[in-house]
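K.L.:
predicted model and sequence below, questions to follow.
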Amino acid sequence: MTQPVSLAQAVLRGFTMRCPNCGKGHLFRRFLKVVDHCEVCDEDYTPQRADDFPAYLVIVVVGHVVVPALLAVEMAYAPPAWLQLAIWLPVTLFSSLALLQPTKGAIVGLQWQTGMHDFAQSKNRRSANSTRSTESTKANTNTTSLKSHALI
Ligand SMILES: [Zn+2]
């Protein structure tokens, strides 16, 4: 019996580049390329449509860190422009590249958990399975209570 995966859990698993469904399989086969199916649980990831959203998020986050830092250094030390460029261009480049794939993983986890695009079929199947397992748990509980009543 599998527990339903919460939104935060799915996003975190995606951010750590693991399968949002099982948390064990790899979500990427190479840089920014999402696997078609999880190697562990066989969950289908072909419906993912992260598109440019991870890049927009990375630009927002990195921009809000780098620009204030650059301005603070400029205000405090007024270094020459070439030194500012030598520091902040590599910082921007490497932090963007480092955040891009985890951010894409988080977006795929978000799409998967909320049933966006063709993940709706997967979500419906998961809901049906969890309802079925809840019903079977209730049935087992009822059977157990009937047996205990029969013993009394
Ligand atoms: Zn998996």
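P.N.:
Nice, thanks for sending it over.
K.L.:
this structure against the ion: which residues are in contact?
P.N.:
For the chain, the residues in contact with the ion (CB under 5 Å from the ion) are 19, 21-22, 25, 38, 40-41, 43. Heads up, the C-betas are built off the backbone N, CA and C, glycines and all.
K.L.:
of those, just the buried ones, ChimeraX syntax please.
P.N.:
To isolate the buried members of the residues of the chain next to the ion in ChimeraX, using 16 or more other CB atoms under 10 Å:
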select :19,21,22,25,38,43
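K.L.:
okay, the residues of the chain next to the ion in JSON lines with distance to residue 121, secondary structure and pLDDT next?
P.N.:
Converted to JSON lines, the residues of the chain next to the ion look like this (distance: CB to CB, whole Å; DSSP: H, G, I helix; E, B strand; the rest coil; pLDDT from 0 to 100):
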{"residue": "19", "distance to residue 121": "17", "secondary structure": "coil", "pLDDT": "97"}
{"residue": "21", "distance to residue 121": "14", "secondary structure": "coil", "pLDDT": "95"}
{"residue": "22", "distance to residue 121": "18", "secondary structure": "coil", "pLDDT": "95"}
{"residue": "25", "distance to residue 121": "19", "secondary structure": "coil", "pLDDT": "96"}
{"residue": "38", "distance to residue 121": "16", "secondary structure": "coil", "pLDDT": "97"}
{"residue": "40", "distance to residue 121": "20", "secondary structure": "coil", "pLDDT": "97"}
{"residue": "41", "distance to residue 121": "16", "secondary structure": "coil", "pLDDT": "95"}
{"residue": "43", "distance to residue 121": "12", "secondary structure": "coil", "pLDDT": "94"}
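K.L.:
from the residues of the chain next to the ion, pick the one nearest residue 96.
P.N.:
residue 19 (24.7 Å; CB to CB).
K.L.:
related to what we said a few turns ago, relative to residue 82, which of the residues of the chain next to the ion is nearest.
P.N.:
Using CB to CB, residue 19 comes nearest to residue 82 of the residues of the chain next to the ion, at 45.2 Å.
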